[in-house]
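>>> just a sequence and a predicted model for now, questions to come.
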Amino acid sequence: MRTSVVGFGLVALVLGYAAPASAQWVVTDARRVGLGGLSLGRSSGLVRYNPAYRAVPAEADRRGQPKVTIPIPLGIIQFLHDHPHLSHDPAFNPDSSGFNPVLVVNTFLNLPLFLEVKQAPTPTNDVVFGIGRDSLRVNLGQAAQIVPQDQFGISGSSRPLDPGIEIKGVRIGVMGWLHDEVQLQLGDTLLGFLADSQPARPRTTYNVLAHAIVQGGFAPTISYAGRIAGDTASGFYVGGAVHYYLGVGYFRSDGSAGFVTGDSIFTGPNPVTPDGRTLTQYSKPGNALGHGVGGDVGVAWVSGPLELGLGVNDIGATITWSDTRQDSAFYRDSTVAKNGPTVSYSRPVGMHVETQTKLPVTYIANLAYTVGKTVLGADILHTGVGTVVHVGGEQRLGVFAVRGGIARDQRKRLEFGWGGGLRFGGLGLDVGFWTHTNSLSNARAITMATSLSIY
Amino acid sequence: MRALGLGVTVLAAIAVGCGGGHAIFNVDVYSFMAPKDDTVPYIVPPLSGVSVASPWQKISLPGAGSSLVDSIVILGTDSIHNASGGPGTIGLQLVMTADTTPGAPRDTALTVVPKPVSGAQTVPDTVRGRLRPGVDTLFTKSTIWAQVIAQGNNSSATALQGKMVLQSLTLTVVLTAKIF
């Protein structure tokens, strides 16, 4: 019980802060870090999210795009220096009196690849509990700011494989697709208790609402990308794809977990009763395939130094699953107070039921302007659960380059990036700094990224 | 109770673990007392001393596991309603234990300086102070028991009698949360 509660708390915190982490800063290139997260190369999300970019010629030289980027993991060196015996480090050992769950969560949220030059200050305050015969109240102080007010979680929509053949812009292939999503939201009563210091009430449910889905399969795809106007120096490109989605399997669960207070908060035979309920729906691999049709569209316009693009993915992608099983599960443990039996069951609601799932619509809009040795750019990326905006620029000065950028992350916070680079022939060394608020804090930390580039 | 207590303790540990703060539990002990149990009647025979105890009061706590108790401060009010006799003194003592079975160890958590009383009078009193460090470990448990004792000393030739009425009693427990 203890482990599960602690684990649940940590997982909730991790998920609550992993959302911005997953979408914003999984970056190993110090150049991109210095640009505030802006991506200018063809290897970036442009090709993934905008089918027209398949036809836009790569101009590596124009933007100094390296062939290979190798991160220099100074953060790992720092981490190993600080924690030389990780397996015996009390801070990471739950059995030790020195175990620090906050450090564990922060380490997970901010993988120590790069050097953390400024740690995010964590809230330092007393937490006050008021306890009476029939009352419980908590004041978390500044720590209440990290209680997630809105829905939080992680989500991703990826295309891990996309083999195919292309003839004159027409491409036929089979695309793998995978969509996963875990969303949690504190119930109103729990949120009020934690964030607003509302007193606990008897006969009240305190819970977390949960939604999770994972689905995957493959999709025979026919697509086109080509220039319909202009030439290589200045042209208008369009792209589109039609996917026939074949779902191999999916699992979806919607429910809640928490506890119900008894007639009295601290007295009575059963002060709290754990309570959980969920409806799960799944179609296992081997069942009938899911079916659906969807598409991508994109346009790109390149005119001398200016480049614009817009791409939208998975439009109308609704998958129909003809052989779904639905189960409801209920759990209520009243044995915690040694009073009453455990009540739990899992029973089928429907067999061979037809259900539908959707893939999130994602889009990207990008702008780049190159003049001489100056590159400016911006993009807006929506991945289904949030929108990230990047604006950045680079100025080359001989063998040097200076960069700067700004980003608005999924939590609608502004983050900043800056840095520079040094290039000798085919080899470059880049340094980038970026701010982030992925830690268990609302204050910004600063990370320094370093990487080698081969041109 | 254990689930609630553990939830509260985890909450305290995570929140406090964010910095160098403490978890502070303000426990309204008086609210746990049955209405009639806040009164301790006393009769002290001439030229003698007696102690009269209230029934044991169960106090439910979230349970602090292996947390370290830094300090416990008690604040309360009571009044001594002396009906007759005296002069003499009436004092209050707070006793705590984790187990009320006979023979189990009890701990005198606080002794209040006795107040002089004589004849028919009402003497207000304040209960204030730090609990004896020895009782700290009791507050890491989810259930403790408390008992109020009226200590009377009568130096006169007539019996001292009346009642001690507790009006409020709050404990402030400051601890460093540690759940593992």
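Received, thanks.

>>> could you list the low-pLDDT ranges of the stretch 351-455 of chain A?
A:438-442 (pLDDT under 70).

>>> where do the strands sit along it?
A:362-371, A:374-382, A:387-397, A:400-408, A:414-424, A:427-436, A:445-454 (DSSP state E, counting those that start in this stretch).

>>> most neighbours per residue, which of these?
strand A:427-436 (a mean of 22; mean count of other Cβ atoms under 10 Å in any protein chain shown). No exception for glycine: its C-beta is placed from N, CA and C like everyone else's.

>>> mind listing the strands for chain B?
Assigned strands in chain B, in chain order: B:23-28, B:39-44, B:48-53, B:57-60, B:68-84, B:88-97, B:107-111, B:115-117, B:121-130, B:143-154, B:160-176 (criterion: DSSP state E).

>>> now the ones you listed in a markdown table, with distance to chain A?
Shown next, in a markdown table, are those (distance: least, Cβ to the nearest Cβ, whole Å):
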| stretch | distance to chain A |
| --- | --- |
| strand B:23-28 | 4 |
| strand B:39-44 | 18 |
| strand B:48-53 | 21 |
| strand B:57-60 | 4 |
| strand B:68-84 | 10 |
| strand B:88-97 | 16 |
| strand B:107-111 | 17 |
| strand B:115-117 | 28 |
| strand B:121-130 | 17 |
| strand B:143-154 | 10 |
| strand B:160-176 | 8 |
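
>>> out of those, which is closest to residue A:291?
Residue A:291 lies closest to strand B:23-28 among the strands of chain B, at 55.1 Å (Cβ to Cβ).

>>> picking up where we left off before, right, and the strands of the stretch 351-455 of chain A - which one's nearest chain B?
Each of these has some distance to chain B by Cβ to the nearest Cβ; the shortest is strand A:445-454, at 14.1 Å.

>>> ok now the closest one, how far from the chain's centre?
With Cα atoms, centre = their mean, to the nearest Å as the basis, strand A:445-454 stands 21 Å off its chain's centre.

>>> which helices and strands sit right next to it?
helix A:30-34, strand A:68-71, helix A:74-82, strand A:115-118, strand A:414-424, strand A:427-436 (3 or more Cβ pairs under 8 Å, 6 or more residues apart in numbering or on different chains; DSSP states H and E).

>>> paired strands for it, with orientation please.
With DSSP bridges as the test, strand A:445-454 is paired with strand A:68-71 (antiparallel), strand A:115-118 (antiparallel), strand A:427-436 (antiparallel).

>>> reformat these as CSV; add distance to residue A:29.
Compiled in CSV, the strands paired with strand A:445-454 are given as follows (distance: least, Cβ to Cβ, whole Å):
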stretch, distance to residue A:29
strand A:68-71, 5
strand A:115-118, 15
strand A:427-436, 8
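
>>> closest to residue A:187 out of these?
strand A:427-436 (29.3 Å).

>>> what angle do that closest one and strand A:400-408 make?
In terms of direction (axes from the mean of the first three to the mean of the last three Cα atoms, to 10 degrees), strand A:427-436 departs from strand A:400-408 by 30 degrees.

>>> for strand A:427-436, give me every contacting residue.
Outside strand A:427-436, the residues within contact range by Cβ atoms under 8 Å, 6 or more residues apart in numbering or on different chains are A:24-25, A:29-37, A:66, A:110, A:117, A:401, A:403, A:415-423, A:444-455.

>>> low pLDDT regions in chain B?
B:1-21, B:62-67, B:177-180.

>>> 50 instead?
Where chain B drops to pLDDT under 50, the residues are B:1-3, B:6, B:18-19, B:179-180.

>>> next up, the contacts around the residue nearest the centre of it.
Centroid-nearest residue in chain B: residue B:94, 4.1 Å away (criterion: Cα atoms, centre = their mean). In this structure, residue B:94 makes contact with B:74, B:108-111, B:127, B:131, B:146-149, judged by Cβ under 8 Å, 6+ apart.

>>> just the helices in the stretch 1-150 of chain A please.
A:2-24, A:30-34, A:45-49, A:60-63, A:74-82, A:101-109 (DSSP state H, counting those that start in this stretch).

>>> what lies in contact with the fifth one?
Helix A:74-82 is touched from outside by A:86, A:107, A:111-116, A:447-448, A:450, with contacts defined as Cβ under 8 Å, 6+ apart.

>>> out of these, which comes closest to residue A:130?
residue A:107 (33.7 Å).

>>> give me the contacts around stretch A:39-52.
Contacts of stretch A:39-52 (Cβ under 8 Å, 6+ apart): A:32, A:53-54, A:56, A:58, A:60, A:63, A:65, A:159, A:223, A:225, A:237-241, A:296-300, A:309-313, A:362-364, A:366, A:368, A:375, A:377, A:379, A:381, A:390.

>>> circling back to that earlier point, how about JSON lines for the helices and strands packed on strand A:445-454, with distance to residue A:197 added?
Below are the helices and strands packed on strand A:445-454 laid out as JSON lines (distance: least, Cβ to Cβ, whole Å):
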{"stretch": "helix A:30-34", "distance to residue A:197": "39"}
{"stretch": "strand A:68-71", "distance to residue A:197": "44"}
{"stretch": "helix A:74-82", "distance to residue A:197": "36"}
{"stretch": "strand A:115-118", "distance to residue A:197": "31"}
{"stretch": "strand A:414-424", "distance to residue A:197": "29"}
{"stretch": "strand A:427-436", "distance to residue A:197": "29"}
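
>>> nearest to residue A:276, out of those?
Of all those, strand A:427-436 comes closest under Cβ to Cβ, at 34.2 Å.

>>> that closest one to strand A:414-424, inter-axis angle?
Using the same axes, to 10 degrees: strand A:427-436 against strand A:414-424 is 170 degrees.

>>> figure out how far strand A:427-436 is from the centre of its chain.
Worked out by Cα atoms, centre = their mean, strand A:427-436 lies 22 Å from the chain centre.

>>> swap in stretch A:170-186?
Distance, centroid of stretch A:170-186 to centroid of chain: 13 Å (Cα atoms, centre = their mean).

>>> using PDB, write out every CA atom in the helix or strand encompassing residue A:310.
Per DSSP states H and E, residue A:310 falls inside strand A:306-315. The C-alpha coordinates for strand A:306-315 follow below in PDB (Å, rounded to 0.1, in the frame of the first residue of the first chain):
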ATOM      1  CA  LEU A 306      12.300  33.500 -47.900                       C
ATOM      2  CA  GLU A 307      10.700  30.100 -47.100                       C
ATOM      3  CA  LEU A 308       7.200  29.400 -45.800                       C
ATOM      4  CA  GLY A 309       5.500  26.200 -45.100                       C
ATOM      5  CA  LEU A 310       2.300  24.700 -43.600                       C
ATOM      6  CA  GLY A 311       1.600  21.100 -43.000                       C
ATOM      7  CA  VAL A 312      -1.300  19.200 -41.400                       C
ATOM      8  CA  ASN A 313      -1.300  15.500 -40.600                       C
ATOM      9  CA  ASP A 314      -3.900  12.800 -39.900                       C
ATOM     10  CA  ILE A 315      -6.900  14.800 -41.000                       C
END
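
>>> next structured bit after it?
Criterion used, DSSP H and E; the element after strand A:306-315 is strand A:318-333.

>>> which parts of that next one are buried?
Buried positions in strand A:318-333, judged by neighbour count with 16 or more other Cβ atoms under 10 Å in any protein chain shown: A:319-321, A:323-327, A:331-333.
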